[in-house]
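Undergrad: When you get a sec, could you give me coordinates for this:
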Amino acid sequence: MAKSNLDLVRDFPYYEDNNVVYSENLKNYYAFRVSGYDVTLGYILNSVVEKFPWPKDIWSIDSAAQTITLVAAADADPAHRSELMAQSIAEAVKAGCFEVLKGWRNEKYPVYGPGGEFLLEMERCATPLFGIVSYGAHMTGYVEDSTGLKFWVPRRAKTKQTYPSMLDNTVAGGMCTGEIPFECIVREAMEEASLPEDIVRASVKSVGCVTYVHVRDSRAGGEIDLIQPEVEYVYDLKLDPSVVPKPCDDEVEEFKLLTVSEVKEALARGEFKPNCSIIMLDFFIRHGILTPENEPDYLDIVARLHRRMPHPTVTHC
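TA: Numbering: from 1, shown residues only. Predicted coordinates:
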């Protein structure tokens, strides 16, 4: 059955839609906190809490309140909290508790508190277990001629741990600790698509961001129902027809130039990685391809592309 555009942007339930359904869903998760900060930084699935070998001197678990707190001294700095987190994740790896931890990246993702304060960092592949907000940058590379727009669309390698063989955005990547969106997209453009740095720096345009709370399914690899809130900074790059993206690593099998109709058909078949579907719809809205006149769910789709995050976020200014 074909997916509607609204189907492509459905994510974790909204409190405003149905507060009972929202509250019932939250009962499946513990709130992740850090001592000294009265704010929820992420949501941890109940089954993860049960399986994780939490070091007792590092974590405080309140089953009644459904909270789990990283315990650190009042004067602890980010480096110390990060070390406590690293020790905890190492115990889980040693115990072989979780499939997602088999996709070790040696990349660190930051965790921010109120006001965008940097609290700690953790191994990228562990972030879905803690349900923290992660940040990334996505770029749509396209050409335009007398026949209209065409998009450079890569197919992910069949060996990828996450979303193998699905369609992706031209360039996309997660932002590690200390990285800013623009530099992330320049780096990923070279690493994933062999796009010359000088072309990207000179011509890429920052066009906004999308925010959503994704719930991982089996296509993501590893445990399902993990909450994954994401902020994706969005870029457009209009390319000369002579510039052809090419795979530069083992993450992409091929690039194909697809028409608007071909992209729409692939979206309806569910061929795009979920968050990449969101980026394509955002492009369609910004360029007048998807309009209030041709999309009955236009208002709902636009709103769901810009969800207010349930956790603290940071400005990358």
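Undergrad: Could you use CA atoms for every contact and neighbour count after this?
TA: OK.
Undergrad: buried stuff in stretch 275-285?
TA: By neighbour count on 16 or more other CA atoms under 10 Å, the buried set for stretch 275-285 is Asn275, Cys276, Ser277, Ile278, Ile279, Met280, Leu281, Asp282, Phe283, Ile285.
Undergrad: Could you work out the most separated pair of those?
TA: The span of those, defined through CA to CA, is set by Asn275 and Ile285 at 15.6 Å.
Undergrad: Could you dump the buried residues of stretch 275-285 into JSON lines and include secondary structure?
TA: Listed next are the buried residues of stretch 275-285 as JSON lines, based on DSSP: H, G, I helix; E, B strand; the rest coil:
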{"residue": "Asn275", "secondary structure": "helix"}
{"residue": "Cys276", "secondary structure": "helix"}
{"residue": "Ser277", "secondary structure": "helix"}
{"residue": "Ile278", "secondary structure": "helix"}
{"residue": "Ile279", "secondary structure": "helix"}
{"residue": "Met280", "secondary structure": "helix"}
{"residue": "Leu281", "secondary structure": "helix"}
{"residue": "Asp282", "secondary structure": "helix"}
{"residue": "Phe283", "secondary structure": "helix"}
{"residue": "Ile285", "secondary structure": "helix"}
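Undergrad: where do the strands sit along this structure?
TA: 29-34, 42-45, 59-62, 67-70, 108-112, 118-123, 134-145, 148-156, 171-174, 205-215, 227-238, 252-259 (DSSP state E).
Undergrad: Would you tell me which one of these is buried the most?
TA: Per-stretch averages of neighbours, counted by mean count of other CA atoms under 10 Å, single out strand 42-45 among these, with a mean of 25.
Undergrad: Sheet partners, orientation included, of it?
TA: Paired strands of strand 42-45, with direction, are strand 29-34 (antiparallel) (DSSP bridges).
Undergrad: that older thread, I'd like the strands of the chain laid out as a markdown table, including distance to Glu192.
TA: Formatted as a markdown table, the strands of the chain follow (distance: least, CA to CA, whole Å):
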| stretch | distance to Glu192 |
| --- | --- |
| strand 29-34 | 33 |
| strand 42-45 | 30 |
| strand 59-62 | 39 |
| strand 67-70 | 36 |
| strand 108-112 | 19 |
| strand 118-123 | 21 |
| strand 134-145 | 11 |
| strand 148-156 | 9 |
| strand 171-174 | 7 |
| strand 205-215 | 18 |
| strand 227-238 | 15 |
| strand 252-259 | 7 |
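Undergrad: To Ser194, which of these lies closest?
TA: strand 171-174 (10.1 Å).
Undergrad: can you give me the offset of that closest one from its chain's centre?
TA: How far strand 171-174 lies from its chain's middle: 9 Å, per CA atoms, centre = their mean, to the nearest Å.
Undergrad: which residues are contacting that strand?
TA: 134-141, 184-185, 188-189, 192-193 (CA atoms under 8 Å, 6 or more residues apart in numbering).
Undergrad: So what are the sheet partners of it and their directions?
TA: strand 134-145 (antiparallel).
Undergrad: average pLDDT across the partner strand?
TA: Strand 134-145 shows an average pLDDT of 97 in the prediction.
Undergrad: quick check: angle from it to strand 205-215?
TA: On the basis of axes from the mean of the first three to the mean of the last three CA atoms, to 10 degrees, strand 134-145 is oriented at 130 degrees to strand 205-215.
Undergrad: Select the longest helix from the protein.
TA: helix 78-95 (DSSP state H).
Undergrad: Could I get the CA-only coordinates of that one as PDB?
TA: Provided in PDB are the C-alpha atoms of helix 78-95 (Å, rounded to 0.1, in the frame of the first residue of the first chain):
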ATOM      1  CA  PRO A  78      31.800  17.300  31.100                       C
ATOM      2  CA  ALA A  79      35.000  15.200  30.900                       C
ATOM      3  CA  HIS A  80      34.200  13.500  34.200                       C
ATOM      4  CA  ARG A  81      30.500  12.800  33.300                       C
ATOM      5  CA  SER A  82      31.700  11.500  29.900                       C
ATOM      6  CA  GLU A  83      34.100   9.100  31.500                       C
ATOM      7  CA  LEU A  84      31.300   7.800  33.800                       C
ATOM      8  CA  MET A  85      29.100   7.300  30.700                       C
ATOM      9  CA  ALA A  86      32.000   5.600  28.800                       C
ATOM     10  CA  GLN A  87      32.500   3.200  31.700                       C
ATOM     11  CA  SER A  88      28.800   2.300  31.700                       C
ATOM     12  CA  ILE A  89      28.600   1.700  28.000                       C
ATOM     13  CA  ALA A  90      31.800  -0.400  28.200                       C
ATOM     14  CA  GLU A  91      30.100  -2.600  30.700                       C
ATOM     15  CA  ALA A  92      27.100  -3.100  28.400                       C
ATOM     16  CA  VAL A  93      29.400  -3.900  25.500                       C
ATOM     17  CA  LYS A  94      31.300  -6.400  27.600                       C
ATOM     18  CA  ALA A  95      28.000  -8.100  28.600                       C
END
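Undergrad: Before I go, just wanted to say thanks for your time.
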